[in-house]
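S.K.: Return a 3D structure for these sequence lines:
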Amino acid sequence: MIQSISDVFVDEDNSNAYFAGIFENSGSIRIQEYGGITLIYFGSKKFLKIIKNTLGIGNLVTNPFNQLLIHGNAACRHLKNIYPYLLMNKKKAKLAFEYQEHINNRKGSRIDQKEQIYREKILNQLKKSRFESKLELNNIDNFFIPYFIGFFDSSAKINILNNKNDYWINIRLKSKFEPILLLFEEMFDLGHVYSTRSSSFRWELNYSDASDLLSKIHPFLFQNSKKSEIALNFYEYYENAQKPLNKQDIKFINSLTEELKNAAKIFKKQKTVSILVCEKLKNEMDNIIKDREDLNHNSLVKASIKHCYINKTKINKSTNICENKSKEHRISIVLEQELVDYISKSDNRSELVRKMIENYLNCLKTNDNLLEENSKINKHETNPLKLLKEIK
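M.R.: Numbers count the residues shown, from 1 in each chain. Predicted coordinates for the structure are as follows:
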């Protein structure tokens, strides 16, 4: 049973490249109110435990969702370790670990005006940080495979699709940075990159392209290992089955499809909550979600609550877009019990949530990456560098 990333990526460079891929796809950096940085990894509880075992640092938080929090100097050291392998976010990572080093080198705890200005400047730079203008591809042949696997492992979607009696594997990998997906397409010579309505892009693979990719990277996967295994079992069965499929074949393939869906689920105690919003607040939400296929009213409300919960946001009681307005639009959301308890502390739960939405919408105006942060698991002897040569 794999307990550490190092069980698969024995070489430290490969291990750091794997973490660089995870960080650039789904990692996050925050500056704490009183100084110091926090690096956050998201994923399944099992996956985050493996990361924690590998690094020997971090605090695993499971409510309201799974996060591995790495604070201060530990985050600084980890960022410096993965920095040489970053392709998209080098500026952001450097800002963060240089800020932590600045905090460490300060004498005394008093925060004067000069220090306050510096901290606000760095915080604003992190919020407005964009991807690199171009990919840094120096020596990429030496670490591409572990970097890609980290990127893929953190958020790739693996499905079994069908149209009548035609079944196939479908893989989707999303990013707001098109060049990184075009690089994957070029290096593997598989699939196609498409633009989406949400100003992001997806690399999509179907049929033999999807199975070819999984067969190459399956030995190195952690979080997506089980889903990859099910998909490859399906592909082997389907290719060898006589066409047209009989009822027994269809029943077995449908059972694999259901097993694949279940492998992606995290079972937690949840509850449905309904709130009412006014026309003006609904219109402001519509302006955010109109160009995003991955966002709707439900997910935006949930993101607002999670944002306030994580950041311990103090809600401005005097601010309420819907105050003295008719609230005719009902939004139902499914929340983890921890979040239900959080919003239920107020005497007027709907009013509190409306204010959280308003707060979150204001934050989005100054931080374009916030949605991504919130949207935003046997030892093998195969050598990743040999694999790259085989792919080429």
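
S.K.: Measure how buried residue 19 is and give me the count.
M.R.: For residue 19, the neighbour count with other Cβ atoms under 10 Å is 25. In short, each C-beta sits where N, CA and C put it, glycine included.

S.K.: Skipping adjacent residues, who's closest to it in space?
M.R.: Among residues not flanking residue 19 along the chain, residue 82 sits closest, at 5.0 Å (Cβ to Cβ, 6 or more residues apart in numbering).

S.K.: ok, now residue 4?
M.R.: In space, and not counting its chain neighbours, residue 4 is closest to residue 54: 4.5 Å by Cβ to Cβ, 6+ apart.

S.K.: Hmm, the one you found is touching residue 9, no?
M.R.: No. With contact defined as Cβ atoms under 8 Å, residue 54 does not reach residue 9; the gap is 9.1 Å.

S.K.: Now the common contact residues for these two.
M.R.: residue 15 (Cβ atoms under 8 Å, 6 or more residues apart in numbering).

S.K.: Poorly predicted segments of the stretch 101-250 of the chain, please.
M.R.: 198 (pLDDT under 70).

S.K.: buried ones in the helix or strand residue 182 falls within?
M.R.: For residue 182, the enclosing helix or strand under DSSP states H and E is helix 178-188. For helix 178-188, burial by neighbour count (16 or more other Cβ atoms under 10 Å) applies to 178-181, 183-185, 187-188.

S.K.: if we can go back for a sec, quick one, which of residue 54 and residue 9 is more surrounded?
M.R.: The neighbour comparison of residue 54 against residue 9 (other Cβ under 10 Å) goes to residue 9, with 23 against 19.

S.K.: That one should be in a strand, yeah?
M.R.: No. With DSSP: H, G, I helix; E, B strand; the rest coil as the criterion, residue 9 is located in coil rather than a strand.

S.K.: Grab the nearest non-local neighbour of it.
M.R.: Using Cβ to Cβ, 6+ apart, the closest residue to residue 9 is residue 15 (4.3 Å).

S.K.: Give me the domain ranges for the chain.
M.R.: 5-133, 156-266, 270-374 (automatic domain parsing).

S.K.: and the first one, how far apart are its ends?
M.R.: Separation of the first and last residues of domain 5-133 by Cα to Cα, to the nearest Å is 31 Å.

S.K.: do stretch 313-321 as well
M.R.: End-to-end distance for stretch 313-321: 18 Å, by Cα to Cα.

S.K.: which SSE is residue 275 in?
M.R.: Per DSSP H and E: strand 270-277 holds residue 275.

S.K.: For that strand, buried residues please.
M.R.: Within strand 270-277, the residues that qualify as buried are 273, 275-277, counting by 16+ other Cβ under 10 Å.

S.K.: Buried ones in whichever helix or strand comes after it, by neighbour count?
M.R.: Sequence-wise, the next helix or strand downstream of strand 270-277 (DSSP H and E) is helix 279-289. Buried residues in helix 279-289, counted by 16+ other Cβ under 10 Å: 281-282, 284-285, 288-289.

S.K.: likewise stretch 144-157?
M.R.: Neighbour counts over stretch 144-157 (16+ other Cβ under 10 Å) mark 144-156 as buried.

S.K.: Same question for stretch 285-303.
M.R.: 285, 288-289, 292, 295, 297, 299-303.

S.K.: Can you tell me which of the residues you listed is closest to residue 237?
M.R.: Taking Cβ to Cβ as the measure, residue 237 lies nearest residue 299 of the buried residues of stretch 285-303, at 34.9 Å.

S.K.: and that closest one, helix, strand or coil?
M.R.: Counting by three-state DSSP, the backbone at residue 299 sits in helix.

S.K.: cool, residue 323 as well?
M.R.: Each residue gets one of three states, and residue 323 gets coil by three-state DSSP.

S.K.: What pairs with the strand holding residue 275, parallel or antiparallel?
M.R.: Here strand 270-277 is paired, per DSSP bridges, with strand 329-336 (antiparallel).

S.K.: Now do the strand it pairs with and helix 279-289, the angle between them.
M.R.: Calculated by axes from the mean of the first three to the mean of the last three Cα atoms, to 10 degrees, strand 329-336 forms an angle of 60 degrees with helix 279-289.

S.K.: next SSE after strand 329-336?
M.R.: Next helix or strand after strand 329-336 toward the C-terminus (DSSP H and E): helix 337-343.

S.K.: Which residues does the helix or strand following that following helix contact?
M.R.: With elements assigned by DSSP H and E, the helix or strand that comes after helix 337-343 is helix 349-366. Outside helix 349-366, the residues that touch it by Cβ under 8 Å, 6+ apart are 127, 273, 275-277, 281, 284-285, 288, 300-301, 303-305, 307-308, 313, 315-317, 319-322, 327, 343, 346, 370-371.
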